[in-house]
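> Sequence first, then the predicted structure, then my questions.
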Amino acid sequence: MPVSGQRVVINNLIRFSDGFVKHANATMKKAVKVVDKQVTKNMSRKDFSLSELTFLNHPFASKHGSKGTPVYDPYWMIHKRSGDLLGSKFTRISGGVGIGSLRGTGKLDIVGEIGLDKSKTAYAQNIVFGTSKMIPRPILTGSLSQKEDQVRELFDKNLRSAVINFR
Amino acid sequence: MSFQSTVFEKIRQLFIADSVIRSYVKNKVYKAHPSTIEQVDYPAITLHKLESKPDFHIPDIIMLGVQVDIWLPAKTYKDTDIDVIADRVRALLHRENLNDTDIGITCSDSYEQTSSEMMYDNEIESYHYALIYKMKGAVI
């Protein structure tokens, strides 16, 4: 018995997958924005003026040990000085371009990244991963962890809706 | 013992039991960051807790972030030696269960979250490479 209406089904599948990829991309952009905002906030602490830092006996100096004096919670937040480190921050979204992979393999990979460009600040890695004398300050993974629940909720809510709203 | 301390002990045991890792660092796998240890004998691997929090869905399960640092003096080793050790660390930790009834932990979903680029530590004249792992489990 011939199958009828398959062209309609195929066209709907194509329209669905196009729409789904766009929606997934848009959701990833929102997620990156949420985490990026948190990273910026954690890297831009200016709670203390220079005179206050002097009064506190320079809490971030190595003489206080590898973590410094714990003036921030979590300790790994970064006090903004020149702004060079913050200026090296970048965001990037890759994958999810077109729907070739979705149609071909049924898989969709979209990657959202937030990082520090070491070509702009060579010492960025030393701050994030630490040195033999300085404890790591996981500003990126720590910020992601702070927003992980919110990002998970964003994906659960938005991508589930995409399936439910398919017509 | 806490989940973190039992996981660190498990990781330490895995590393020093590995012949490749042992050929480089012997049993020098420290369960603390070198900046907090009075005297570190390099080459060495150090473990550092980044974060610890309850799992989103199951609060009795702990999510743990661990940084594994590899330190190799540049006078004796090449940066390619770091890659050899890092490959073994990945084989032992990435997507592995670290369950151990002797130590008393159930630990699953260990995966590599990120890693650094090759770094050079001027203070100790050593190559330095960091790998960050996330894992979850509980003390049993």
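Perfect, thanks for sending it. Residues are numbered from 1 along each chain as shown, chains lettered A, B, ... in the order given.

> switch to C-alpha atoms for all contacts and neighbour counts from now on
Fine.

> Where does the closest residue to B:Ser35 other than its chain neighbours sit: helix, strand or coil?
If the residues on either side of it in the chain are set aside, B:Ser35 comes closest to A:Lys133, at 4.5 Å by Cα to Cα, 6 or more residues apart in numbering or on different chains. Three-state call for A:Lys133 (DSSP: H, G, I helix; E, B strand; the rest coil): coil.

> residue in chain B nearest to chain A?
Proximity of chain B to chain A (Cα to the nearest Cα) peaks at B:Ser35, 4.5 Å away.

> thinking again about what came up before, based on its surroundings, how many neighbours for the residue nearest to B:Ser35?
18 (other Cα atoms under 10 Å in any protein chain shown).

> Restrict stretch A:150-162 to CA atoms and write it as CSV.
Output of stretch A:150-162 as CSV, limited to C-alpha atoms (Å, rounded to 0.1, in the frame of the first residue of the first chain):
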residue,chain,number,x,y,z
GLN,A,150,20.3,28.5,36.2
VAL,A,151,21.8,27.4,32.9
ARG,A,152,20.5,23.9,33.3
GLU,A,153,17.0,25.3,34.0
LEU,A,154,17.4,27.5,30.9
PHE,A,155,18.1,24.5,28.7
ASP,A,156,15.4,22.3,30.3
LYS,A,157,12.8,25.0,29.8
ASN,A,158,13.7,26.2,26.3
LEU,A,159,14.6,23.0,24.5
ARG,A,160,11.7,21.1,26.0
SER,A,161,9.4,23.8,24.8
ALA,A,162,10.8,23.5,21.3
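
> Just confirm the residue of chain B closest to chain A contacts B:Thr46, I think it does.
No. With contact defined as Cα atoms under 8 Å, B:Ser35 does not count as touching B:Thr46 (10.2 Å).

> for B:Asn122, what are its contacts?
Going by Cα atoms under 8 Å, 6 or more residues apart in numbering or on different chains, B:Asn122 touches no other residue.

> confidence score at it?
At B:Asn122, the model reports a pLDDT of 94.

> what's the answer for the one 10 residues further on, then?
The per-residue pLDDT reported for B:Ile132 equals 95.

> Which of the helices or strands spans the closest residue to B:Glu96 other than its chain neighbours?
Excluding its sequence neighbours, the residue lying closest to B:Glu96 (Cα to Cα, 6+ apart) is B:Ser110, at 5.6 Å. Using DSSP states H and E, the element containing B:Ser110 is strand B:105-115.

> what do you get for A:Met28?
helix A:6-43.

> Now that helix: average pLDDT?
Rounded mean pLDDT across helix A:6-43 is 83.

> what packs against the following helix or strand past that helix?
Sequence order places helix A:50-55 as the next helix or strand after helix A:6-43, per DSSP H and E. Other helices and strands packing on helix A:50-55, by 3 or more Cα pairs under 8 Å, 6 or more residues apart in numbering or on different chains; DSSP states H and E, are absent; none qualifies.

> Could I get the contacting residues of the residue of chain B most remote from its centre?
In chain B, the greatest distance from the average C-alpha position (Cα atoms, centre = their mean) is reached by B:His57, at 25.8 Å. By Cα under 8 Å, 6+ apart, B:His57 lies in contact with nothing.

> about what we covered before: can you name every helix or strand that the strand holding B:Ser110 contacts?
helix B:3-17, helix B:79-93, strand B:126-139.

> Only alpha carbons, please: show it as PDB.
Provided in PDB are the C-alpha atoms of strand B:105-115 (Å, rounded to 0.1, in the frame of the first residue of the first chain):
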ATOM      1  CA  ILE B 105      33.700   5.600  48.400                       C
ATOM      2  CA  THR B 106      31.400   5.400  45.500                       C
ATOM      3  CA  CYS B 107      32.500   7.800  42.900                       C
ATOM      4  CA  SER B 108      31.200   8.000  39.300                       C
ATOM      5  CA  ASP B 109      31.000  10.300  36.400                       C
ATOM      6  CA  SER B 110      34.600  11.500  36.700                       C
ATOM      7  CA  TYR B 111      35.400  13.600  33.600                       C
ATOM      8  CA  GLU B 112      37.900  16.100  32.400                       C
ATOM      9  CA  GLN B 113      36.300  19.500  32.500                       C
ATOM     10  CA  THR B 114      39.200  21.500  31.100                       C
ATOM     11  CA  SER B 115      43.000  21.700  31.000                       C
END
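
> buried sites along it?
Residues B:Ile105, B:Thr106, B:Cys107, B:Ser108, B:Asp109, B:Ser110, B:Tyr111, B:Glu112, B:Ser115 are the ones in strand B:105-115 that count as buried (16 or more other Cα atoms under 10 Å in any protein chain shown).
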